[in-house]
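Novice: Fold the stuff below for me.
(one chain, ligands or ions: 3)
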Amino acid sequence: MTGTAAWVLDRCDDLTRYSAREDALERVYLSPEHSAANTVVAAWMREAGLDTETDAAGNLWGRRAAAGPPQRPATPGEPALVLGSHLDTVPDAGRYDGMLGVVLAIAVAHRLRHTVLPFALEVVGFSDEEGTRFGKALLGSCAASGQWDAAWWDQTDADGVTLREAFTRFGLDPGRVGDAARRPQDLVGYLETHIEQGPVLESLDLPLAYVTTIAGARRFVLTVTGEARHAGGTPFARRRDALVAAAHLVTRIEELAVAAGCLATVGDLHVQPGAVNVIPGRAELTLDLRGRTDADRDALWERIVAAGQEIARERRVTFEHTETHRAPSTTCDSRLSAAVASGIAAAVPGLDPALPGTPSDGAASARVPGLWSPAGHDGMAMAAVTGVGMLFVRCRDGISHHPDEHVELADVEVALDACTQAVLALAHQEAR
Ligand code: GLV
Ligand code: MN
Ligand code: MN
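Specialist: Ligands and ions are numbered 1, 2, ... in the order given. Modelled structure (predicted):
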């Protein structure tokens, strides 16, 4: 049963038990649920013949040597191909965003447990991709790629717990976070399977694609400050209503993003003082911006700032902004992408593995689709230390960050075949 698509889906179901909420899935960084999920996933990794370890940032790793389990323990210095994704979630999450890539990677390791490979094989369950708890995404993979920033230690969660305190409570030593960093010379590449989180594969009627680039997001807190006053005693001409100004800004942001062909989302809004009979004096909004290129995204941000200043002048409020996250877009590695495309072609009949710009050997067949990912992934951080490739799996209605996330068993079956074949294609290249 281990190593089959049904096993993968059952394990994704099992992981919904490790949640902070009874009625919904929510598993955030350094929480008791994070610890419990690491424990159960480590047991599955061991079933697949991997030695396991939790690193200094709470990421879970499984590893086998090139020659496979009979030669264990793995030779420490042997470079590894890493498969995986993340085990943390957004609030009220679906069960596949992140988890599918970790569990599927374990199933691939299980399938290949008796196969001699020219590199070590590792599976990782990153501890924080979403940034749900501390507002900073990719903490787990930033630690694993040696990009931890000491400025993050004082960031707090909704209860005022600092990242430093959360480390200690989880049993980690903040002073040792650098030990989680992987060195480029120890890695062959990072290969992640993930649900598409968009509707393109469904519209193409195809189960799988490789990823060309991962868009870099920029995130901001926008603050509009007006004046809190009596809701009855203040005529409209005297009002400096922060929420009305913010509402104008939100609709303007959408118009500007549509015109720029980018994505912009105001996902959270807090109003103060927040009473039914008081004009809002302050509104705080979050903004998430993504574009096909960093230049498109950055040009949109400039227009949003100009719009915010104009609305502030018109409505006699102030407009301020703070950047909370910025990631450059990541181009997937051509060698890993070619291996993923060849894996897809082997698993899905009638597709030609050739990437755009390379000679095709199947003139009559359709090319394996290559998609850009507007969603962020751990590969964005891992690209600092190794080449990154991604395999996208169709998800129903493109829905994600929602409990209705769904993948079909048959699509997971071909994803499992494609990922296994991609590993073998890389092994074949490496052995030459
Ligand atoms: C990660 O899920 C993101 O927000 O792109
Ligand atoms: Mn996500
Ligand atoms: Mn994800």
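
Novice: For the chain, which segments count as helices?
Specialist: 5-15, 32-47, 99-111, 139-144, 163-170, 200-204, 242-260, 294-315, 334-347, 379-382, 409-431 (DSSP state H).

Novice: so which residue of the stretch 101-250 of the chain comes closest to ligand 1?
Specialist: residue 130 (5.6 Å; Cβ to the nearest ligand atom). For the C-beta atoms, the positions are set from N, CA and C on the backbone; glycine is no exception.

Novice: mind listing what that residue touches?
Specialist: Residue 130 makes contacts with 28, 86, 88, 89, 90, 98, 137, as judged by Cβ atoms under 8 Å, 6 or more residues apart in numbering.

Novice: just checking, the last one touches residue 129?
Specialist: Yes - under the contact definition of Cβ atoms under 8 Å, residue 137 touches residue 129, with a separation of 6.4 Å.

Novice: where do the contact lists of these two overlap?
Specialist: Joint contacts of residue 137 and residue 129 (Cβ under 8 Å, 6+ apart) are residue 376.

Novice: Just give the number of residues close to whichever residue of the chain sits closest to ligand 1.
Specialist: Closest approach between the chain and ligand 1, counting by Cβ to the nearest ligand atom: residue 376, at 3.3 Å. Residue 376 has 23 neighbouring residues, counting by other Cβ atoms under 10 Å.

Novice: Not counting its neighbours along the chain, what's nearest it?
Specialist: Leaving out its chain neighbours, the residue that sits closest to residue 376 by Cβ to Cβ, 6 or more residues apart in numbering is residue 217, at 5.5 Å.

Novice: Check residue 66 and give its pLDDT.
Specialist: Note on residue 66: pLDDT of 76.

Novice: mind listing what it touches?
Specialist: 75, 78, 116, 117, 118, 119, 120, 121.

Novice: ok, it to residue 300 distance?
Specialist: Between residue 66 and residue 300 the computed distance is 46 Å (Cβ to Cβ, to the nearest Å).

Novice: Repeat that for residue 398.
Specialist: In this structure, residue 398 and residue 300 are 22 Å apart, going by Cβ to Cβ.

Novice: So those two - more neighbours on which side?
Specialist: The neighbour comparison of residue 398 against residue 300 (other Cβ under 10 Å) goes to residue 300, with 23 against 16.

Novice: need the contact list for the more buried one.
Specialist: Listed by Cβ under 8 Å, 6+ apart, the contact set of residue 300 reads 256, 257, 260, 262, 264, 289, 291.

Novice: could I get stretch 386-393 in CSV with only the CA atoms?
Specialist: Taking Å, rounded to 0.1, in the frame of the first residue of the first chain, the C-alpha atoms of stretch 386-393 are listed here in CSV:
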residue,chain,number,x,y,z
THR,A,386,20.5,24.6,-5.6
GLY,A,387,18.6,24.2,-8.8
VAL,A,388,14.8,24.0,-8.4
GLY,A,389,12.2,22.1,-10.4
MET,A,390,8.5,21.8,-9.9
LEU,A,391,5.7,19.4,-10.9
PHE,A,392,2.2,20.8,-10.8
VAL,A,393,-0.9,18.6,-10.3
